[in-house]
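>>> coords please:
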Amino acid sequence: MKTTQPRKQRKRLYQAPLHERHRRFASHLSPELKKSHNTRTVPVRRGDTVQIMRGDFKGYEGKVAKVNRKNYRITVEGVTREKVDGTSVSVPIHPSKVMITSLNLDDEWRKEALKRKGAEKEAKPPEEEKPKPPERKRKRRKRESKASMKPGGA
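Alright, predicted model coming up:
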């Protein structure tokens, strides 16, 4: 985001179109997946296996059942809460609070995106510091006041 004002950041978060919300659904990968795919985060999809890292269900592992881009929440199979009347409802979890332990790679586009994302990090060699050219000092000219420019001025 280009602004640092929290008010504007919240506004852009709540008014973001769905294709931008998809990018904000990224979750960390497990250490094994980080090494194999050479990337740190990937957007969560239905069918991925995730481990919950925060909250009441910390440590629980299950498949993503539903992705709700409107409310920025995912639901995991088996993560339910019992209501007062006895019915159980799934508990929505923010994608930043989970870690992906297994990816659903049924989609060819996702495979290609992972290859692209990992290849970018592989291809970049460590940046070597190039010697900077010496900076030139600019000479400042004295400005003449308007009064001294007029004929017969002070």
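>>> just the strands in this protein please.
26-29, 41-43, 49-52, 61-68, 73-82, 88-93, 98-102 (DSSP state E).
>>> next up, the contacts around Ile100.
Contact analysis of Ile100 by C-beta atoms under 8 Å, 6 or more residues apart in numbering lists Ser27, His28, Leu29, Ser30, Leu33, Val42, Val44, Asp48, Thr49, Val50. Glycine gets a C-beta too; all of them are placed from N, C-alpha and C.
>>> not counting sequence-adjacent ones, nearest residue to the most centrally placed residue in the chain?
Closest to where the C-alpha atoms of the chain average out (C-alpha atoms, centre = their mean) is Arg24, at 5.0 Å. Spatial nearest neighbour of Arg24, chain neighbours left out: Tyr72 (6.9 Å); criterion: C-beta to C-beta, 6 or more residues apart in numbering.
>>> now do the one you found against Leu29, distance only.
19 Å (C-beta to C-beta, to the nearest Å).
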